[in-house]
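Undergrad: Quick one, fold the following:
(one chain, ligands or ions: 2)
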Amino acid sequence: MSLMAPDLARARMLAAAVTLPGTQTVTLVGARGRTLAEGVMALRTQPPFAASAMDGYAVRATDLAGLAPLRVLGEAKAGHPFRGTVGPGNAVRIFTGAPVPHGADTILIQENAQGVGTGIITPTQAEHAGRFVRSAGLDFRSGDCLLKAGTVLDARHIGLAASMGHSVLTVRSQPRVAILSTGDELALPGAALRDGQIVSSNAYALAAFVESLGGLADDQGIVADDADATRLAIANAADRSDLIVTSGGASVGDHDFVQAALVANGFAINFWKIAVRPGKPLMFGVRGSTLCLGLPGNPVSSVVCAILFLEPLLRRLLGQPNPDADRSEGALLGRALPANDLRQEYMRASIGRDDAGNLVATPFTSQDSSIQRLMASADALLIRPANAPAAEAGSACRIIRL
Ligand code: AMP
Ligand code: MG
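TA: Ligands and ions are numbered 1, 2, ... in the order given. Now for the predicted structure:
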């Protein structure tokens, strides 16, 4: 199989995946990071009444023209409306958020009134009608649809949903994502390492990644480099998840069993091996509505491929719009780079500003895909297109911020 262009691979992956049907009702407190399953309509109008935007006096704008004294009838505070009517020559002491009393159409701010606190005030400035009045429905009206299905809820959306009168929201169920770490050499963090062993780290990074995007990570532990063990682990994971994410065992070595295990379990291999660095042995398999993304074992490769493939896939399963929206931005190259080969490259880079304020991305000298330390300290991935010619320092490039 020749190497597939990453954009094509991603498009094929997204074409094979659909929004999961399940939904769930959550309280506002538990809604952060969840994806709205349906549009949310306002159940009320905001503000529900014309409200004062300032502390001052509710008056009739026409009464201000001559700057004549006004008689103060009473007080309106937030939550405590004034029940009477403001007639000619009248004023009502009013505070921010209080309903503007009947008859008044304007707020004279207290800075423009003499005699504040007494029964008679004298305006020092005229105002046009409606000044400092927030009209009813200024923010939204009952029936307005203000949040769209597919929105990933953050603090702003949750505050708005509360204002719209909702105490619970219908969100997408979390995709169940089984994570399998393949490798005879792997041991759990904290365990005593036998000769030749290393700590399995990928599952933890991947679980955190899945959870940060709104999935439900189910770490299925370490799978030995053994055909039967891998087949059984895939069979078990396939029965209980929407998506299986494997790490390692996806290359062409004698000890790479993931592909055979997928096929033995009835998965069709949609693609395998892509023209990207790091991450060449990426694999994608489909069995009905169960998907499997096979990530490379190298820790940096697995995280980079998670960003490039697992993120859009999860967004698709969650019904978010434009799951593969381009998140890259422009920057200037911090150092010269040689010509690239046919694999698109994602280089770990630091970012900063030059004297003119331009964003500058400088790739680290080492791009070894086993070096987690550099991945963890990188600010961005610098994208080198396939077959890019040599590039001078200062030339334009694209980056994805981490
Ligand atoms: P593989 O893709 O299985 O050939 O693994 C490539 C490299 O990644 C090897 O050096 C493995 O030891 C390493 N590796 C594989 N799985 C993990 C893991 N879960 N955590 C850390 N390193 C891993
Ligand atoms: Mg391996």
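
Undergrad: switch to C-alpha atoms for all contacts and neighbour counts from now on
TA: Will do.

Undergrad: Let me know the distance separating the closest residue to D139 other than its chain neighbours from A161.
TA: In this structure, D139 finds its nearest non-sequential neighbour in Q46, 5.4 Å apart by C-alpha to C-alpha, 6 or more residues apart in numbering. Distance of Q46 to A161, given as C-alpha to C-alpha, to the nearest Å: 12 Å.

Undergrad: The residue nearest to D139: what's it in contact with?
TA: The contact partners of Q46, taken as C-alpha atoms under 8 Å, 6 or more residues apart in numbering, are 136-141, 163-164.

Undergrad: gap between it and G33?
TA: 25 Å.

Undergrad: Now E211: phi and psi?
TA: Backbone geometry at E211, expressed as degrees, to the nearest 10, gives phi -70, psi -40.

Undergrad: which ones are touching it?
TA: With the criterion set at C-alpha under 8 Å, 6+ apart, E211 makes contact with A217.

Undergrad: How about V29?
TA: Contacts of V29 (C-alpha under 8 Å, 6+ apart): none.

Undergrad: Could you look up the SS state of it?
TA: With DSSP: H, G, I helix; E, B strand; the rest coil as the basis, the three-state label of V29 is helix.

Undergrad: Going forward, the N-terminal residue is numbered 51.
TA: With 51 as the first residue, the last one maps to V79.

Undergrad: Distance of it relative to ligand 1?
TA: Applying C-alpha to the nearest ligand atom, to the nearest Å, the value for V79 to ligand 1 is 34 Å.

Undergrad: and if you look at K127?
TA: On the measure of C-alpha to the nearest ligand atom, K127 and ligand 1 end up 62 Å apart.

Undergrad: Roughly how far does that residue sit from S223?
TA: Taken as C-alpha to C-alpha, the span from K127 to S223 is 44 Å.

Undergrad: Same question for G83.
TA: Where S223 is concerned, G83 sits at a distance of 12 Å (C-alpha to C-alpha).

Undergrad: Those two: who's more crowded?
TA: More neighbours surround S223 than the other of G83 and S223, with 21 against 17 (other C-alpha atoms under 10 Å).

Undergrad: Please list all residues in contact with the more buried one.
TA: Contacts of S223 by C-alpha under 8 Å, 6+ apart are 70-74, 368.

Undergrad: Including neighbour count and distance to ligand 1, could these go into a markdown table?
TA: Formatted as a markdown table, the contacts of S223 follow (neighbours: other C-alpha atoms under 10 Å; distance: C-alpha to the nearest ligand atom, whole Å):
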| residue | neighbour count | distance to ligand 1 |
| --- | --- | --- |
| L70 | 17 | 28 |
| P71 | 11 | 31 |
| G72 | 12 | 30 |
| T73 | 16 | 32 |
| Q74 | 14 | 32 |
| L368 | 31 | 26 |
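
Undergrad: Sitting in strands, which of these do you find?
TA: 73-74 (DSSP state E).

Undergrad: Close to ligand 1: what parts of the stretch 301-450 of the chain are there?
TA: Residues of the stretch 301-450 of the chain lying close to ligand 1 (C-alpha under 6 Å from any ligand atom) are 346-349.

Undergrad: which of these has the most neighbours?
TA: P346 (28 neighbours).

Undergrad: which residue sits closest to the residue sitting nearest the centre point of the chain, ignoring its sequence neighbours?
TA: In the chain, the C-alpha closest to the average C-alpha coordinate belongs to V202, at a distance of 6.0 Å (C-alpha atoms, centre = their mean). The shortest distance from V202 to any non-neighbouring residue, by C-alpha to C-alpha, 6+ apart, is to T85 (4.5 Å).

Undergrad: contacting residues for D275?
TA: Applying C-alpha under 8 Å, 6+ apart, the residues near D275 are 232-234, 299, 305-307.

Undergrad: try A318
TA: Counted by C-alpha under 8 Å, 6+ apart, A318 has contacts 312, 335-337.

Undergrad: start to end distance for stretch 325-341?
TA: Terminal-residue distance, stretch 325-341 (C-alpha to C-alpha): 21 Å.

Undergrad: Can you give me the buried ones in that stretch?
TA: 325-336, 340-341 (16 or more other C-alpha atoms under 10 Å).

Undergrad: do the same with stretch 175-185
TA: 177, 179-185.

Undergrad: Sort out which one of those lies nearest ligand 1 for me.
TA: R184 (57.7 Å; C-alpha to the nearest ligand atom).

Undergrad: Tell me the bridge partners for the closest one.
TA: Applying DSSP bridges to R184 gives these bridge partners: A101.

Undergrad: pLDDT at it, what is it?
TA: As predicted, R184 sits at a pLDDT of 98.

Undergrad: ok, now A406?
TA: Per the predicted model, pLDDT is 97 at A406.
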